[in-house]
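Participant: next input, structure requested:
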Amino acid sequence: MFKKLQILLLFFISNIVNSQNPTLIWEKSFIMPGLEESYFTAELKDSTFLSVGYSNSFSGSNSQIWIINFNKEGNLIWQKQLLVNGYSIPKDLISDNLGNIYLAIGSTAGYSHDKSDVSYGNYDFWIVKLDNLGNKIWDKTFGGNDFDLPESITIGSDNKIYVSGSTGSSISGNKSAQTYGNSDFWVLKLDHNGNKIWEKSYGGNGGDFCRDHTEINGILYLSGHSEISNNQSSFNYVGNSDLWILGINHDGSLVFERIIYGFGSDYSSCITDSKDGNLIIGARSGSTQGYDKSQNNFGYLDFWIIKLSLNGNIIWNQSYGGNDNDSIDDIIVDQHQNILAFGTTASSVSGNKSTILKGWQDYWIFKLNPAGAKLWERTYGSNSYEIARNIVISHDNHIYITGESAGKNSFDKSSIAMNRDPWILKIKDCPPVQDPISQVETVNLGRSISINNNSCLGTIHWYNSNFQEIKIGNPLISAPIFSQTRYLIKCKFEGCMNLNYIPVDVLTKCPDNYIFSIVDNPIGSYISKDFIKINSSIKSNTQFKTNGFISLDPGFTSEDGVVIITEINGCQN
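Facilitator: All right, here's what the predicted structure looks like:
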């Protein structure tokens, strides 16, 4: 069997920068002369974005709901406000397929200005429907004689509106669900005109607080925490507060529950679909290792992220944090089932947090693979403090994070806060450059190699081992290779830049033969064990040595200085 002298191309990723390096595209503060807090951002049907918060910049009321619509460049399209005589906190928003917008607001306001219903208690659920230009279509108030605070609003697979939150009210006002303890989970199902289809409360003899919900296969999974043993639960509680996960169907019937235990105080912040048939839960944890928690805390509070199967088994759970307070606010899963966690950090580099603290408190965002391993992390901040709120992945796979900032133009922030202003950042999660070639290439000594890369969505730049740019675009055709070398590929796409090394290893074992075809153009020295067969053009000063025979086929040409010797010479076999 014939053997060829091989150049073995070993391709592996050895990045100068992280192969999934997020890039900040822009950051914007929407500033008015007062206190503004931006709570949530969502992408609309027209691929613009809506952010809702509250402001005291307008006259005539204690606080106002402030709604801004902006495009993907961060430019303001329009802004609206909902005026009320009272305090109102926007908690969530969702848009439907027609472009209408639904806001879930906790409000103390009675009938006034843009609010068309009375106040029933301390806080009420105030649900507002807007058209795609921010004009109010209707608003509805739901509540009893105490506090009722919404947290999450979604449109279900049955095209109905679901609002979840917490209630401390007894049967009163327009609340008809019974009360179990100091506070309960409270869920409302509405039609698109705001009419209540049903309401349900879930709780025990203590405090139960619902923070978020998501839907999988027609089941709404509610996430919150509970402080005392629950009379709707078959579980006992072991910490000061434990996570309580419920599943209800579209008629409100309870079909699933799970307590997630810790030794100390643990508070659920968010829940989402893992996109692989499980749940991802984000919580703020003050617990040490034990029960359902597999790690000790790194600081006062940590991000605690749990992957939970739909039958209640914990697949994995991990703590993420540093030496101070790290509080998760939102979590989302991308199209590849990777997890993006977003919150606030006051920790320096410590624990498993590797990014610096820029002010008193920063945004903290990190990406995990489906098994919970960290792929990258970033802090964004100013010289003061930031408060994280929510995270969105747009249809074109950009990341938008929303919160407030009190900082001046410093570090990642370019504007000066009037007091505390909405601060929205757009981030590109840069895709990695994959291996350009998936198999070993074999070429003869002195031959060039041709390499294509098809994973880069932008512009490819090729560099030699001295970091000199040698080619833009595909393919890279190298100079003849005689010794070990490497090439660098740089992919530039929408502000992203990824780098990969491509090592080239030369193996110099003496072969049994050389066979050159008409397309080859040999140059250099060739030592063959048995024979050489040539049917090509040979450059000057090329040498062939063999202890066998040399065959020169038709089409053979050579330049001056070619030496062909038949002898035994230097084989390493």
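Participant: close enough to count as contact, residue 485 and residue 465?
Facilitator: Yes: with contact defined as Cβ atoms under 8 Å, residue 485 reaches residue 465; the gap is 5.1 Å. (Each C-beta comes from the backbone N, C-alpha and C, glycine too.)
Participant: neighbour count winner among these two?
Facilitator: Set residue 485 next to residue 465 and count neighbours by other Cβ atoms under 10 Å: residue 485 wins out with 17 against 13.
Participant: list the contacts for the residue nearest the centre of the chain?
Facilitator: With distances taken as Cα atoms, centre = their mean, the residue of the chain nearest its centroid is residue 340 (3.3 Å). Each residue near residue 340 by Cβ atoms under 8 Å, 6 or more residues apart in numbering is listed here: 331-334, 365-368, 391, 393, 399.
Participant: in a markdown table, list those along with distance to residue 280.
Facilitator: Shown next, in a markdown table, are those (distance: Cβ to Cβ, whole Å):
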| residue | distance to residue 280 |
| --- | --- |
| 331 | 6 |
| 332 | 9 |
| 333 | 6 |
| 334 | 12 |
| 365 | 15 |
| 366 | 13 |
| 367 | 13 |
| 368 | 9 |
| 391 | 13 |
| 393 | 14 |
| 399 | 16 |
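Participant: ok, so of these, who is nearest residue 85?
Facilitator: The closest of those to residue 85 turns out to be residue 391 (Cβ to Cβ; 33.0 Å).
Participant: where does pLDDT dip in the stretch 351-500 of the chain?
Facilitator: Residue ranges of the stretch 351-500 of the chain with pLDDT under 70: 417-418, 431-448, 481-482, 494-495.
Participant: the stretch 101-250 of the chain too?
Facilitator: 228-239.
Participant: how much space between the residue nearest to the centre of the chain and residue 538?
Facilitator: Here the criterion is Cβ to Cβ, to the nearest Å. By it, residue 340 lies 58 Å from residue 538.
Participant: over to residue 92?
Facilitator: To residue 538, residue 92 is 74 Å away according to Cβ to Cβ.
Participant: tell me how the protein divides into domains.
Facilitator: Domain ranges of the chain: 7-15+433-506, 513-566, per automatic domain parsing.
Participant: what packs against the strand ranked longest in the chain?
Facilitator: In the chain, with assignment by DSSP state E, the single longest strand is strand 496-506. Counting by 3 or more Cβ pairs under 8 Å, 6 or more residues apart in numbering; DSSP states H and E, the packing neighbours recorded for strand 496-506 are strand 7-8, strand 485-493.
Participant: give the phi and psi angles for residue 399, as a check.
Facilitator: phi -110, psi 130 (degrees, to the nearest 10).
Participant: the closest residue to it other than its chain neighbours sits in which helix or strand?
Facilitator: In space, and not counting its chain neighbours, residue 399 is closest to residue 427: 4.2 Å by Cβ to Cβ, 6 or more residues apart in numbering. According to DSSP states H and E, residue 427 maps onto strand 421-429.
Participant: could you list the paired strands of the host helix or strand of residue 187 along with their orientation?
Facilitator: Assigned by DSSP H and E, residue 187 falls within strand 184-190. With DSSP bridges as the test, strand 184-190 is paired with strand 161-167 (antiparallel), strand 196-202 (antiparallel).
Participant: verify the contact between the residue nearest to residue 399 and residue 23 for me.
Facilitator: Yes: using Cβ under 8 Å, residue 427 is in contact with residue 23, at 6.9 Å.
Participant: comparing those two, which residue is more hemmed in?
Facilitator: Ranked by neighbour count (other Cβ under 10 Å), residue 427 and residue 23 place residue 427 first, with 22 against 15.
Participant: now do the contacts for the more buried one.
Facilitator: Going by Cβ under 8 Å, 6+ apart, residue 427 touches 22-25, 365, 378, 398-401.
Participant: and residue 350, by the same measure?
Facilitator: Going by Cβ under 8 Å, 6+ apart, residue 350 touches 298-299, 322-323.
Participant: pull the number of nearby residues for residue 309.
Facilitator: By the criterion of other Cβ under 10 Å, residue 309 has 13 neighbours.
Participant: could you report the pLDDT at the closest residue to it other than its chain neighbours?
Facilitator: Of all residues beyond its chain neighbours, the one nearest residue 309 is residue 278 (5.3 Å), with distances taken as Cβ to Cβ, 6+ apart. Looking at residue 278, its pLDDT reads 98.
Participant: my guess is residue 278 meets residue 308, correct?
Facilitator: Yes: in this structure, residue 278 is within contact of residue 308 by Cβ under 8 Å, at 6.3 Å.
Participant: bridging residues for the closest residue to residue 339 other than its chain neighbours?
Facilitator: What sits nearest to residue 339 in space, not counting adjacent residues and going by Cβ to Cβ, 6+ apart, is residue 368, at 4.3 Å. Using DSSP bridges, the bridge partners assigned to residue 368 are residue 339, residue 374.
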